[in-house]
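Asker: next input, structure requested:
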Amino acid sequence: MAWLSLDEEDADAARFLGHLALALQSAGADHALCAAVLHTRDQDPRETAMLLIRALRTVPRRISVIVDDYDRLGSSLVDDVVLRLIEHSGGRLHLLLATRRVPNLPLARLDLHAQLSRIGSAHLALDDVEAQALLGTHVPASVVDELRRYTEGWPVALQHARLWLEDDAQRQQEVAARFSGRSAQIAAYLAEQLVDDLDADTRDLLLRTSPLERINAALADAVRQRDDSGRLLARLEHFHGLLVPLDGERAWFRYHPLFADFLQQLLDREHPGQSVQLHQRAARWFGEHQRLAEAVRHAARGDCGDLAASYIARAGSWQLLLTHGTHAVRALLRHFDHRTIRDTPVLNFTQARLLLERLRDFPAALREPLQRDYTVMIALLRDRLDEICGNPHGLIQIAAQAGALDEDDHLGRGMLLCICATTAIAQGAFAVAEHYARNARAAMQSGGSDLGASQAMLSLGQSLFYCGQLGDAEACYRQALRWCARTPQLDRVLESAAQCLLAHLHYERDRHDDAADLLYPALELLEQHDGGMDVLAAGYGTALGLERVRDHSGRSALLLLEHIEQIAHGRKLARLSELAAAWRLMLLLEHPGNAAIDVLIARTGGESGLAHTLRSSHRWHDRAAMGFALARWHRLAGRSSAALVILGQIEQACLANDNAWHLARTRARIALVLQQRGEPLAALPYLYSALEHVALTQSWQSIVELGLPAKAMLRSLRQHDPHTVGGSTRALTIQALLERLSGDDDPAGDIFSERELEVLAQLARGYSNKQIARRLHLSENTVKFHLKNLYRKLDARSRESALAQAVQRGLLRGSEPHADQAVATD
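Answerer: Residues are numbered from 1 along each chain as shown. The predicted structure follows:
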């Protein structure tokens, strides 16, 4: 064993080799060869190194040499010599390089060849037994434990602590408590060994970030009001054990407690009183980055109690909806009656609103600091309860409240602008909704809320959808899902709302299986929680459409309508109740002669009720549904003029609100009425408009939902219009529509969807519901939905009878149950 201490003068390779030769000679290497090295100063160091290698090969055992302060050399030639010694000594030399910086050696290669071991600060830290041995057996174990934890086992610090204790052996507990980085001996060591040689910028970084428990480059820049912290932190890689990385990416660091104490002493000495200002800057940075605990802690240490309180107040109110999601907010309301909240979701908002109204009873001095949060929360509750859209001044009021907030209150403004967007959608003002949704998204992104931005994207997608921009709408829904998924706590309600709207779009484009896969699990969750009215309208409209396609008798759709009416009544959603009544009339008209039709028309007011919807902007959903139903009623009864009047009124309302979605449907119906009363030329402009919309958006359902009458109309057009032949866009669109209206030649194609046949095939292989869900990448509830439809269509009550019927109908060719596999049951 030999020890070699170095300094900057030893950077000369010949000098280094001379010192190393003496060290090896003292450890038993060949004296003659080592002595020869001392007389070869003018020789190439690489050749000199070969003399040492020959000397090492003569010794019977391995020699270990500790090379202290290797980082002081900084010589590439010395590095090259050391590498030669390592690789050619035949395992006879064990070099231990003590260095503050990573040496400029091919460490990865050496590691790969098992020629390298790394010993970091964590390995060098003393444990309890070692610390006790260093400090002395006379030192109480409690003192040893305290010092070891504070020094983190750093041997140098514990050695200084031992000297510190020896100054007053009678009061070791008290003396140990006073030991810190400010203690004279340790402070002198840190200054001499580390700080005194630093450049001014690096020294500034260390001092001004020393009050912080952890730092990264961005935080250090904010606290120092500089932009060079990342570069400076990279320079400090050699501060092993004193600047401790907190993550694998080495983005976050903390200081060793002793080092932090020492730096803060220097900070107080050189910049008195600045620590308070640094804490305040750190608080604001953490607040901006949604780190509540650290923001509050630094605000308090910066003598800013009001700032600390503001962070707590903000996090404790409506803003938690954006940072933690509705589930976390609901957890705050667990002091309410659990059963009531579980069974009637709207009551948790009602109860919360009653509690908020009590704020008015407090003195103005107590009420004023919370006025902003109160304004936002009341607006949010009114929006969820669908109360704003019916007020002609509601949208203007919320927009004014958003404009009155402080310029930097991005989340407050974003939340109110989201409410403006949903209100505009509820009023059918889609261009206005798009404007507010884009501004809300920008505000939420400025505030750093992915959940808030996702909510804005859903409103933006809805506005674009109804304006006829289905591709852009789909992009918005998918972006909202991506943002929602990357939040720390997934907001299931927001995710389900996005899935519900995306299912609506899939259904519009005739992708029924994709729509069903998304829709049913999403609707189930929204019914249990707090889905908004317009999202529910899209979801239930899609569900009804799917039921009508899969059960032509209408029974399933009517059962679903009863469920929708119960939801609307339970949540006191008047618009949903009115829409459900219009949907019921549409369903009944698909089976003419039902006596309930006239009763329902009388109950809803018929034309007078429709006229009321035309005067009420927020009733655009049931205006279109009721108008289409009444127009069909008149058309079937031969009253085509009355049907055209109604459809003309709806057309004008759609044009006024940029409602391209209902406009295409309206014009398709106008064309159908004109064509059926013998005016095909008058029908053409309306039909062309509808076909153009379908071609641009692939919203096949706009015309397909008219059923067989649309099929006859399209065939007639193709026969009499020369522009609908060949490969024109119009011709291709008509052909695609006719194929969708006609079905295909598959015996199951008219009544079984592709997804139902996939489920049937898996059923035939004996898989359980859970296994089918896993294999088809569906939810278990969606599988149950498809099985229910299969049983009904096959007139079966069990799996066995369903499979028997399927085989009998020829639906399972190549998909019969395996002979060795029993049918599973759930």
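
Asker: from now on I want contacts and neighbour counts done on CA atoms only, so please keep to that.
Answerer: Fine.

Asker: quick one, phi/psi of Asp68?
Answerer: Backbone torsions of Asp68, given as degrees, to the nearest 10, read phi -90, psi 140.

Asker: actually Arg92, not the one I typed
Answerer: Main-chain dihedrals, Arg92, degrees, to the nearest 10: phi -90, psi -10.

Asker: pretty sure it is in contact with Arg61, am I right?
Answerer: Yes. Look at Arg92 against Arg61 with Cα atoms under 8 Å: they come within range, at 6.5 Å.

Asker: the two: who's more crowded?
Answerer: Arg92 (20 against 13; other Cα atoms under 10 Å).

Asker: what's near enough to touch the more buried one?
Answerer: By Cα atoms under 8 Å, 6 or more residues apart in numbering, the residues touching Arg92 are Leu56, Arg57, Val59, Arg61, Arg62, Ile63.

Asker: what's the PyMOL syntax to select whichever of those are buried?
Answerer: Per 16 or more other Cα atoms under 10 Å, the buried members of the contacts of Arg92 correspond to this PyMOL selection:
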select buried, resi 56+57+62+63
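
Asker: let me know the pLDDT of Arg797.
Answerer: pLDDT recorded at Arg797 is 76.

Asker: any idea which element it lies in?
Answerer: Using DSSP states H and E, Arg797 falls within no helix or strand.

Asker: pull the number of nearby residues for it.
Answerer: Applying other Cα under 10 Å, we find 12 other residues in the vicinity of Arg797.

Asker: low-confidence ranges in the stretch 301-450 of the chain?
Answerer: Filtered on pLDDT under 70, the stretch 301-450 of the chain yields the residue ranges 305-306, 308-361, 381-382, 384-386.

Asker: turn the contacts of Arg92 into CSV, including secondary structure and distance to His662.
Answerer: Converted to CSV, the contacts of Arg92 look like this (DSSP: H, G, I helix; E, B strand; the rest coil; distance: Cα to Cα, whole Å):
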residue, secondary structure, distance to His662
Leu56, helix, 92
Arg57, coil, 92
Val59, coil, 95
Arg61, coil, 92
Arg62, coil, 89
Ile63, strand, 89
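
Asker: now, the most widely separated pair of the contacts of Arg92?
Answerer: Comparing every pair within those by Cα to Cα identifies Arg57 and Ile63 as the most remote, at 10.4 Å.

Asker: helices of the stretch 701-826 of the chain, start to end?
Answerer: Here the stretch 701-826 of the chain has its helices, by DSSP state H, counting those that start in this stretch, at 701-704, 708-720, 729-742, 754-764, 769-776, 780-793, 799-808.

Asker: for Arg231, find the nearest of those.
Answerer: Per Cα to Cα, nearest to Arg231 of the helices of the stretch 701-826 of the chain: helix 769-776, 49.3 Å.

Asker: packing partners for the closest one?
Answerer: Contacts defined by 3 or more Cα pairs under 8 Å, 6 or more residues apart in numbering; DSSP states H and E place helix 769-776 against helix 754-764, helix 780-793.

Asker: in that helix, what's buried?
Answerer: Asn769, Gln771, Ile772, Ala773.

Asker: in space, what's closest to the third one - neighbours in sequence excluded?
Answerer: The shortest distance from Ile772 to any residue other than its chain neighbours is 6.2 Å, reached at Gln762 (Cα to Cα, 6 or more residues apart in numbering).

Asker: wouldn't the one you found be in contact with Ala773 here?
Answerer: No. With contact defined as Cα under 8 Å, Gln762 does not reach Ala773; the gap is 9.6 Å.

Asker: where does the protein have its least confident helix or strand?
Answerer: The weakest-scoring helix or strand in the chain, judged by mean pLDDT, DSSP states H and E, is helix 326-332 (a mean of 39).

Asker: and the closest residue to Ile567 other than its chain neighbours, how close does it get to Arg269?
Answerer: In space, and not counting its chain neighbours, Ile567 is closest to Glu527: 7.6 Å by Cα to Cα, 6+ apart. Glu527 is 63 Å from Arg269, where distance means Cα to Cα, to the nearest Å.

Asker: settle it for me: which of these two has more neighbours?
Answerer: Set Glu527 next to Arg269 and count neighbours by other Cα under 10 Å: Glu527 wins out with 16 against 10.

Asker: can you count the residues close to Gly727?
Answerer: Gly727: 10 surrounding residues under other Cα under 10 Å.

Asker: just the pLDDT at it, thanks.
Answerer: So Gly727 comes in at 74 (pLDDT).

Asker: Gln719 now?
Answerer: For Gln719, the predicted pLDDT is 76.

Asker: contacts for stretch 407-425 next, please.
Answerer: Outside stretch 407-425, the residues that reach it (Cα under 8 Å, 6+ apart) are 319, 373, 376, 379-380, 383, 388-389, 395, 398-399, 401-403, 405, 430, 432-437, 439-444, 446-447, 449, 452, 455-456, 459-460, 462-463, 534.

Asker: could you rerun that using 6 Å?
Answerer: Stretch 407-425 has contacts (Cα atoms under 6 Å, 6 or more residues apart in numbering) with Cys389, Leu395, Ala402, Ala433, Tyr436, Ala437, Ala440, Ala443, Met444, Gly447, Ala456.

Asker: and the residue nearest the centre of this structure?
Answerer: In the chain, the centroid-proximal residue (Cα atoms, centre = their mean) is Arg486; its distance is 2.1 Å.

Asker: what sits against it?
Answerer: If you count contacts by Cα under 6 Å, 6+ apart, Arg486 has none.

Asker: now it: phi and psi?
Answerer: Here is the backbone geometry of Arg486 (degrees, to the nearest 10): phi -90, psi 0.

Asker: and Lys572, how far is that from Glu739?
Answerer: Distance, Lys572 to Glu739, using Cα to Cα: 42 Å.

Asker: burial measure for Arg615, as a count.
Answerer: Arg615: 12 neighbours (other Cα under 10 Å).

Asker: do you know the pLDDT at it?
Answerer: pLDDT, Arg615: 77.

Asker: next one: it from Gly394, what distance?
Answerer: Taking Cα to Cα, one finds Arg615 at 17 Å from Gly394.

Asker: this structure: strands as residue ranges?
Answerer: In the chain, the strands defined using DSSP state E lie at 2-5, 63-68, 93-97, 243-245, 253-255.

Asker: any low-confidence regions in the stretch 601-750 of the chain?
Answerer: 725-726, 743-750.

Asker: please redo it, this time with the cut-off set to 50
Answerer: Counting by pLDDT under 50, the ranges of the stretch 601-750 of the chain that qualify are 744-750.

Asker: with distance to Thr151 added, can I get the buried residues of helix 769-776 in CSV?
Answerer: Converted to CSV, the buried residues of helix 769-776 look like this (distance: Cα to Cα, whole Å):
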residue, distance to Thr151
Asn769, 59
Gln771, 56
Ile772, 59
Ala773, 56
